[in-house]
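Engineer: okay, predicted coordinates and the sequence, questions at the end:
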Amino acid sequence: MRPARLEDQRLSLAIEQGPAAVIITDVEGRIEYVNRRFTEITGYLPGEVLHRTPRVLRSGFTAPAVYEQMWATIRAGDAWRGELCNRRKDGGLYWHSMSISPVCDDTGQVSGFVAVQEDITEQRRIREELAKRERQRQEAEAALRRSESWFRTLIERAHDLIAVVLPDGTFRYASPSFDHILGHEPSGLLGTAALDLVHPEDRESVKQVLQGMHQAGAVRALEYRCRHEDGSWHLIDATARNLLDDPVVGGFVLNGRDATERVALEAQFRQAQKLDALGQLVGGVAHDFNNILAVILASSHMLREDLPSDHACQADVLEIEKAGERAAALTRQLLAFTRQQVLVPQVLDLNALVQNISRMLGRLLGADVALSNRLAVEPVIVKADPGQLEQVLLNLAVNGRDAMSGSGALLIETSVVDLDDSYVGCHGPMRPGRYAMLAVTDTGSGMSPDVQARVFEPFFTTKEPGKGTGLGLSTVYGIVKQSEGFIWLYSEPGVGTRFKIYLPHVDQAVGAARAATSDDLPRGTETVLIAEDNAAVRQAACRALERSGYTVLQANGPDALELVSRHEGPIDLLLSDVVMPKVNGPKLAQVLRKLRPNLRVLYMSGYIDGTMRSRLFEVGGGYLQKPFTVANLVRKVRELLDAT
């Protein structure tokens, strides 16, 4: 089957010079004819492929299944069309569109095949490039959707307030955080004036900040109060960015955080620092003042005893002693505020404490103030100094009575509470856990925020001159803090005041009640060594003990070691100041006990810091608070000497 046998010579010429490659094979697939275009595409001359099969062109990049399907089709007498990847003579690859049709003889039998190939390498490259670009476009759109979804989720779940404000001052966007932080539905804010949420006193400053951001991309920090849906004001710490030129945003982007709790905690911390600084100053003054008062109290007491009962100076001396006791009470309040006094804690039930003191409080408050208790059903157990807690209740009751101007109601409550992270997060530096709660509420005049900020400061009072020392609530604060507790104040002018005290709750049995003391001063014959660096205090204590029958040795602190080493008689008790130059009381007691193991120790001081307090209890011994009276001194000495 050759072209010369074709009847139409014009058809033969068209095939030879046509744009497509033409291959004619016999029925076995051996090549009998290829046209000029075939040589141009493949690089093979006709003589190089005649009598060979088209397999010479295969590249291996067309799947075998394609060839199997092709041969099955044409052997069945049907035409086949498809795309194949072949290899040129020089090794290069090319894609072509193939159309194969069977050729039949006069009897209708298949005598060969005609294949028409059109080089589609460039078209396929373009098609693949377009397909690649389409895939890239789809992938970019998918990535953009993922990115938008990611950022949308990030913004919608962010705790910060995020808003877009247009140049006219209206909301274009408000994040969902507006709902859970400020109680406003974000969709309801769109189109409304953003400054309407800002506190009237802060609007002008916010407006000036936004109007002053002329440069594109400029960032400014600002702080303002924002109105909550419930009417309260929250302090917002924010940054504003000028994105007016951004075609997508076209406004100011505000990113704000609710700083209300942080600012409150900072204020609490500053207040605690201020109170601690005041405590250091007051404690130092109280230390020196207590030594003076100890001499005044002891000397006035002994002078009054030496004078005949009908002596004209008896009344004057008694007034001196009473004045000294009042001054001593003031210094005790100062030391309570500074947390420098030594507490004698015991396990007790707050319910019992409140019940025991209620009768005295009722007489103190008067008939026009209704006192009531709301006590927990279960025991409210704490470990604290009962006398100091009674002082706390006494001071809070007096404060409430004065705030009620003579008539009203005062409520004392107790309960056991479990405080979680959400509560203590707003009441630093508390820690989560179980607490015993003691609350005192009055229906008085209440306090303004300015007064509440200073209410625990020593000597601060709102009472008229001469009607208050300003130490009542500072004493309460000091006792609570020294008892490892926390106190919070809730007050509103014209409504009243509520103090809530939280003390660590303990799971222990309640301790025994304190034993009552006799009014008679005990006496003794034992030997007492007094170690005190203040000569006046030392002499006063010496005279008081000698009057009660004791043999007294005295030394100036460090000299006590030498005195004991050369004293041959017994020494039954060491009465030592805690803070002395060169050697402190606990260290002196530790050394002397090595020489005299049975030595009893009684410490006295008007000021002890935390380190010395822990050291004092490590060594062991009794404690006598300065300024002491003669009665307190001789009773405490006798108590230690009689202890088993």
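Structural biologist: On my side now, so go ahead. Numbering: from 1, shown residues only.

Engineer: going forward, measure contacts between C-alpha atoms and count neighbours the same way
Structural biologist: OK.

Engineer: show me what contacts the closest residue to residue 555 other than its chain neighbours?
Structural biologist: For residue 555, ignoring the flanking residues on the chain, the nearest one in space by C-alpha to C-alpha, 6 or more residues apart in numbering is residue 531 at 5.1 Å. Shown in contact with residue 531 (C-alpha atoms under 8 Å, 6 or more residues apart in numbering): 538, 554-557, 560, 574-577.

Engineer: one more time with 6 Å, if that's ok
Structural biologist: Remark: with contacts taken as C-alpha atoms under 6 Å, 6 or more residues apart in numbering, residue 531 is in contact with 554-557, 576.

Engineer: do residue 254 as well
Structural biologist: Under the criterion of C-alpha under 6 Å, 6+ apart, the contact list for residue 254 reads 162-163, 239-240.

Engineer: bridge partners for it, pull those for me.
Structural biologist: Note on residue 254: beta-bridge partners residue 163, residue 240, judged by DSSP bridges.

Engineer: from residue 149, how far off is it?
Structural biologist: 21 Å (C-alpha to C-alpha, to the nearest Å).

Engineer: same thing with residue 636?
Structural biologist: When C-alpha to C-alpha is applied, the distance between residue 636 and residue 149 equals 77 Å.

Engineer: so for those two, which sits in the more crowded spot?
Structural biologist: When neighbours are counted by other C-alpha atoms under 10 Å, residue 636 and residue 149 differ, and residue 636 comes out ahead with 17 against 12.

Engineer: quick one: the more buried one is in a helix?
Structural biologist: Yes. Looking at residue 636 with DSSP: H, G, I helix; E, B strand; the rest coil, it is inside a helix.

Engineer: numbering from 178 from now on, please.
Structural biologist: In the new count, where the first residue is 178, that last one comes out as residue 813.

Engineer: which SSE is the closest residue to it other than its chain neighbours in?
Structural biologist: Spatially, and ignoring its direct neighbours in sequence, residue 813 is nearest to residue 801 (7.3 Å; C-alpha to C-alpha, 6+ apart). Assigning secondary structure by DSSP states H and E places residue 801 in strand 799-802.

Engineer: mind checking how far that strand is from the chain centre?
Structural biologist: In terms of C-alpha atoms, centre = their mean, to the nearest Å, the centre of strand 799-802 is found 40 Å from the chain centre.

Engineer: ditto for stretch 810-821
Structural biologist: Distance, centroid of stretch 810-821 to centroid of chain: 49 Å (C-alpha atoms, centre = their mean).

Engineer: again with stretch 537-548
Structural biologist: Centroid separation for stretch 537-548 versus its chain: 42 Å, with C-alpha atoms, centre = their mean.

Engineer: also stretch 623-630?
Structural biologist: For stretch 623-630, the distance to the chain centre is 26 Å (C-alpha atoms, centre = their mean).

Engineer: and the strands in the stretch 628-777 of the chain?
Structural biologist: Using DSSP state E, counting those that start in this stretch, the strands assigned to the stretch 628-777 of the chain run over residues 663-669, 673-681, 704-708, 728-732, 750-754, 777-782.

Engineer: what pairs with the third one, and is each one parallel or antiparallel?
Structural biologist: Strand pairing for strand 704-708, using DSSP bridges, gives strand 728-732 (parallel), strand 750-754 (parallel).

Engineer: with mean pLDDT added, can I get the ones you listed in JSON lines?
Structural biologist: Formatted as JSON lines, those follow (pLDDT from 0 to 100):
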{"stretch": "strand 728-732", "mean pLDDT": "91"}
{"stretch": "strand 750-754", "mean pLDDT": "91"}
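
Engineer: go through the ones you listed and pick out the most buried.
Structural biologist: When you average the neighbours per residue for each of the strands paired with strand 704-708 (mean count of other C-alpha atoms under 10 Å), strand 750-754 leads with a mean of 26.

Engineer: tell me the most buried of the strands of the stretch 628-777 of the chain?
Structural biologist: With neighbours defined by mean count of other C-alpha under 10 Å, none of these is more surrounded on average than strand 750-754, at a mean of 26.

Engineer: what packs against the strand holding residue 801?
Structural biologist: Applying 3 or more C-alpha pairs under 6 Å, 6 or more residues apart in numbering; DSSP states H and E, one finds that strand 799-802 contacts strand 777-782.

Engineer: next, the angle strand 704-708 makes with the strand it packs on.
Structural biologist: Using axes from the mean of the first three to the mean of the last three C-alpha atoms, to 10 degrees, the interaxial angle of strand 777-782 with respect to strand 704-708 works out to 30 degrees.

Engineer: quick one: mean pLDDT for strand 777-782?
Structural biologist: pLDDT averaged over strand 777-782 equals 88, rounded to a whole number.

Engineer: check stretch 676-695 too.
Structural biologist: The average pLDDT within stretch 676-695 is 70.

Engineer: can you check stretch 504-517 too?
Structural biologist: In this model, stretch 504-517 has an average pLDDT of 61.

Engineer: sorry, back to before: so which of the strands paired with strand 704-708 gets nearest residue 665?
Structural biologist: Among the strands paired with strand 704-708, the nearest to residue 665 by C-alpha to C-alpha is strand 750-754 (36.1 Å).

Engineer: domains of the protein?
Structural biologist: Dividing the chain into domains by automatic domain parsing, as the record does, gives the ranges 180-296, 335-435, 442-499+697-821, 523-681.

Engineer: assign residue 306 to helix, strand or coil.
Structural biologist: At residue 306 the chain is in helix, as set by three-state DSSP.

Engineer: for it, give its distance to residue 215.
Structural biologist: Between residue 306 and residue 215 the computed distance is 26 Å (C-alpha to C-alpha).

Engineer: higher neighbour count, the two?
Structural biologist: In this comparison of residue 306 against residue 215, neighbours counted by other C-alpha under 10 Å, the higher total goes to residue 215 at 23 against 12.

Engineer: one step back: quick check: bridge partners of the residue nearest to residue 732?
Structural biologist: Here residue 708 shows beta-bridge partners residue 732, residue 753, assigned using DSSP bridges.

Engineer: buried sites along stretch 383-401?
Structural biologist: Residues 383, 387, 390, 396, 399-401 are the ones in stretch 383-401 that count as buried (16 or more other C-alpha atoms under 10 Å).

Engineer: flag the shaky bits of the stretch 278-427 of the chain, pLDDT-wise.
Structural biologist: Using pLDDT under 70 as the threshold, the predicted model of the stretch 278-427 of the chain has low-confidence ranges 325, 327-335.

Engineer: how about the strands in it?
Structural biologist: Taking DSSP E, counting those that start in this stretch as the criterion, the stretch 278-427 of the chain carries its strands at 287-296, 338-342, 348-351, 396-404, 410-420.

Engineer: what would those look like in JSON lines with distance to residue 767?
Structural biologist: Putting these into JSON lines (distance: least, C-alpha to C-alpha, whole Å) gives the following:
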{"stretch": "strand 287-296", "distance to residue 767": "109"}
{"stretch": "strand 338-342", "distance to residue 767": "63"}
{"stretch": "strand 348-351", "distance to residue 767": "70"}
{"stretch": "strand 396-404", "distance to residue 767": "59"}
{"stretch": "strand 410-420", "distance to residue 767": "57"}
